[in-house]
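Engineer: Generate coordinates for the sequence data below:
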Amino acid sequence: MKKSFLFIAMLLGFSSLFAQKYTADWASLNKRGIPAWFNESKFGIFIHWGVYAVPSYAVVGPGGYSEWYWWQLNGATDGTHQQVAAFHDKNYGRDFPYEKFEQQFTASLFDPAQWADVFKRSGAKYVVLTSKHHEGYCLWDSKQANESWGHPWNAVSGTPKRDLLGDLTTEVRKAGLKMGYYYSLYEWFNPVWKKDKQQYIKDVMTPEFKDLVTRYKPSVIFSDGEWDLSDTAWHSTELLSWLYNESPVKDEVVVDDRWGKDTRGKNNGATYFTSEYGSGMQPGVVWEENQGIGSSYGYNRMENVNDYKKSSDLVLLLVDIVARGGNLLLDIGPTSDGRIPVIMQQRLIDIGAWLETNGEAIFDTKPWKETRQWSAGKRPEVKEANFMANYNVSKMVLPSKDYAHIEMFFTQKPGVLYCIATAFQQQLRIKDYTPAKKAVVSILGCSKTIGYQQQGRDLVINLAGLKPGDIPGNMFVVKIKE
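Structural biologist: The predicted structure follows:
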């Protein structure tokens, strides 16, 4: 009998050993690859929601992130400290501690089904919620948060008395979308972090992360707050080895590249590359651009209508990123009582209306040999590095007497080329392209027959016979099926 038990134990041991497909090193983890669903999805919704939604204040402009309020109040040493401190002292009093804002983070009007409906109507395929930002406040019942802070510091134990993360996750999945979570590795003022970083990693961050993954089974993990330590200090490869070998989402989950101050832009096999407000992209790898509708990620009461991108600009942003082979993760910042500002809802619904007609040219596509062309006239000389370093929608279309301002962006599927035109012209010229002889040209959302002819190496599409109203919107898609 003892020998039988020993034999079974040995079998279990061997099976466990062989089950460890990925070892805790980047060389092994990079062999995993990134599940195909992610880059096929193209469009996701980012949500920054936490205690910072109460003061909801930041200086408007690049880097004006309201979710950094606490750091700017108590940790920053630059000009942002003076401005935020002046706002805080005037409106709340110099002796009002940030943690007291939690009492006003009520989420009393939070309707997760309504949120999910807006996300569904936007055309997005996945959602990423801040489970915990750098302030350390968790939107689910994290016991590590309460224990390490020494007081309730999560939404279930705290003022909302509700599993905000769990409730939204349920409704998002009911809507047919994938659900993911942003998770900050570090916490600015966590007492354990301030005292002993390795103890924090061992006793707070690691078990909390595993609890989040095991309990809610995310499809995406957007790690952040990694820059104080190396990946070795964070024990990142050990954590990802667990994630890819043992966790309940080991086959589906997609993870970003923020796992240590030395990891961004690397390991595009275990992780995808992140670009923030056009900080950059890497051709030939899986990447994602993330930014807000305004300048801030969290809700910023100081932003007005002029600080929000127009719906047409957001569609153009999505088109440009997808043509470059990336995903767009577009952020919204809800209010402290749980409302998505109406102007943000409208922007999302407008994107969805465009995608309802033209989504075929976005989802599950690949980049063409050229990202974009100008349909006529002299092509502007735009250096890629400068373009990406100053990623601004207004710089993408250059209306000038010297240049044609009709841009065409391209995506493709097997046997199909999509030409996304930013405005109407009677003729569209696609340079250096010869389709099959029996190719069929059409416009998505338009029933009219479209003519074309080959002129040398260029394909010229004739739209002169179309009348106002024949084309569904200013930005439209020409489909060339070979």
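Engineer: helix/strand/coil for residue 88?
Structural biologist: helix (DSSP: H, G, I helix; E, B strand; the rest coil).
Engineer: Next, the contact list for it, please.
Structural biologist: 55, 73, 94, 96 (CB atoms under 8 Å, 6 or more residues apart in numbering). C-betas here are computed from N, CA, C, even on glycine.
Engineer: Closest one to residue 226 out of the residues you listed, please.
Structural biologist: Residue 226 lies nearest to residue 73 out of these, by CB to CB, at 22.7 Å.
Engineer: That closest one contacts residue 86, correct?
Structural biologist: No: using CB atoms under 8 Å, residue 73 is not in contact with residue 86; the gap is 10.4 Å.
Engineer: the more surrounded of the two?
Structural biologist: Between residue 73 and residue 86, counted using other CB atoms under 10 Å, the more crowded position is residue 73 (20 against 10).
Engineer: before we move on, what SS does the residue lying closest to that one once chain neighbours are set aside have?
Structural biologist: Spatial nearest neighbour of residue 73, excluding adjacent residues (CB to CB, 6 or more residues apart in numbering): residue 84 at 5.2 Å. Residue 84 falls in the helix class when you classify it by three-state DSSP.
Engineer: cool, and residue 480?
Structural biologist: strand.
Engineer: any idea how far residue 428 is from it?
Structural biologist: For residue 480, the distance to residue 428 (CB to CB, to the nearest Å) stands at 11 Å.
Engineer: Give me the common contacts of these two.
Structural biologist: Joint contacts of residue 480 and residue 428 (CB under 8 Å, 6+ apart) are residue 419.
Engineer: residues near residue 96, how many?
Structural biologist: Neighbours of residue 96 (other CB under 10 Å): 13.
Engineer: so where's the stretch 301-450 of the chain shaky on pLDDT?
Structural biologist: Residues of the stretch 301-450 of the chain that meet the criterion pLDDT under 70 lie in 376-405.
Engineer: now do 50
Structural biologist: 377-404 (pLDDT under 50).
Engineer: how about the helices in it?
Structural biologist: 311-323, 342-358, 384-389 (DSSP state H, counting those that start in this stretch).
Engineer: possible to save those helices as JSON lines with mean neighbour count?
Structural biologist: Below are the helices of the stretch 301-450 of the chain laid out as JSON lines (neighbours: other CB atoms under 10 Å):
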{"stretch": "helix 311-323", "mean neighbour count": "22"}
{"stretch": "helix 342-358", "mean neighbour count": "18"}
{"stretch": "helix 384-389", "mean neighbour count": "12"}
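Engineer: Quick check: which of these is nearest to residue 365?
Structural biologist: helix 311-323 (6.6 Å).
Engineer: Pull the residues that contact that closest one.
Structural biologist: Contacts of helix 311-323 (CB under 8 Å, 6+ apart): 42-43, 289, 293, 309, 327-328, 330, 346-347, 350-351, 354, 362, 365, 367-368, 371-372, 393-394, 396-397, 409-411, 420, 422, 474-475.
Engineer: quick one, it and helix 342-358 angle?
Structural biologist: Interaxial angle, helix 311-323 versus helix 342-358 (axes from the mean of the first three to the mean of the last three CA atoms, to 10 degrees): 50 degrees.
Engineer: pLDDT score assigned to residue 61?
Structural biologist: In this model, residue 61 is scored at 89, pLDDT.
Engineer: how much space between it and residue 89?
Structural biologist: 22 Å.
Engineer: need the contacts of residue 88 in CSV with secondary structure, can you?
Structural biologist: What follows is the contacts of residue 88, written out as CSV (three-state DSSP):
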residue, secondary structure
55, coil
73, helix
94, coil
96, coil
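Engineer: which among the residues you listed gets closest to residue 270?
Structural biologist: residue 73 (36.1 Å).
Engineer: quick one: that closest one and residue 61, what's the gap?
Structural biologist: Computed as CB to CB, the residue 73 to residue 61 distance reads 18 Å.
Engineer: what's the closest of the helices of the stretch 301-450 of the chain to residue 158?
Structural biologist: Nearest to residue 158, of the helices of the stretch 301-450 of the chain and by CB to CB, is helix 342-358 at 24.9 Å.
Engineer: Can you spell out which helices and strands pack onto that closest one?
Structural biologist: strand 43-47, helix 112-122, helix 311-323, strand 327-332, strand 476-481 (3 or more CB pairs under 8 Å, 6 or more residues apart in numbering; DSSP states H and E).
Engineer: what does it rub up against?
Structural biologist: 43, 45, 118-119, 121-124, 293, 305, 308-309, 311, 314-315, 318, 330, 332-333, 362, 420, 444-445, 472-473, 475-477.
Engineer: swap the cut-off to 7 Å and go again
Structural biologist: 118, 121-123, 293, 305, 308, 311, 314-315, 318, 332, 362, 444-445, 472-473, 477 (CB atoms under 7 Å, 6 or more residues apart in numbering).
Engineer: Near residue 150, how many other residues are there?
Structural biologist: 9.
Engineer: so what's it closest to, chain neighbours aside?
Structural biologist: That would be residue 191: by CB to CB, 6+ apart, it lies 6.7 Å from residue 150.
Engineer: Next up, phi/psi of that neighbour, please.
Structural biologist: phi -60, psi -40 (degrees, to the nearest 10).
Engineer: which among the contacts of helix 311-323 end up buried?
Structural biologist: Buried residues within the contacts of helix 311-323, defined by neighbour count using 16 or more other CB atoms under 10 Å: 42-43, 289, 293, 309, 327-328, 330, 347, 350-351, 354, 362, 365, 367-368, 371-372, 393, 396-397, 409-411, 420, 422, 475.
Engineer: Adding distance to residue 232, write the helices of the stretch 301-450 of the chain out as a markdown table.
Structural biologist: Formatted as a markdown table, these follow (distance: least, CB to CB, whole Å):
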| stretch | distance to residue 232 |
| --- | --- |
| helix 311-323 | 33 |
| helix 342-358 | 40 |
| helix 384-389 | 30 |
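Engineer: mind checking which of those is nearest residue 170?
Structural biologist: Across these, closest to residue 170 is helix 342-358 (CB to CB), at 20.1 Å.
Engineer: Could I get the CA-only coordinates of the closest one as PDB?
Structural biologist: What follows is helix 342-358 as a C-alpha-only set of coordinates in PDB (Å, rounded to 0.1, in the frame of the first residue of the first chain):
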ATOM      1  CA  VAL A 342     -22.400  62.500 -20.800                       C
ATOM      2  CA  ILE A 343     -19.900  64.000 -23.200                       C
ATOM      3  CA  MET A 344     -17.700  60.900 -22.800                       C
ATOM      4  CA  GLN A 345     -20.800  58.700 -23.400                       C
ATOM      5  CA  GLN A 346     -21.600  60.700 -26.600                       C
ATOM      6  CA  ARG A 347     -18.000  60.300 -27.900                       C
ATOM      7  CA  LEU A 348     -18.200  56.500 -27.400                       C
ATOM      8  CA  ILE A 349     -21.600  56.200 -29.100                       C
ATOM      9  CA  ASP A 350     -20.400  58.200 -32.000                       C
ATOM     10  CA  ILE A 351     -17.400  55.900 -32.500                       C
ATOM     11  CA  GLY A 352     -19.800  53.000 -32.400                       C
ATOM     12  CA  ALA A 353     -22.000  54.500 -35.000                       C
ATOM     13  CA  TRP A 354     -19.100  54.800 -37.400                       C
ATOM     14  CA  LEU A 355     -17.900  51.200 -36.600                       C
ATOM     15  CA  GLU A 356     -21.400  49.800 -37.200                       C
ATOM     16  CA  THR A 357     -20.900  50.600 -40.900                       C
ATOM     17  CA  ASN A 358     -17.200  50.400 -41.200                       C
END
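Engineer: Fine, thanks again, bye for now.
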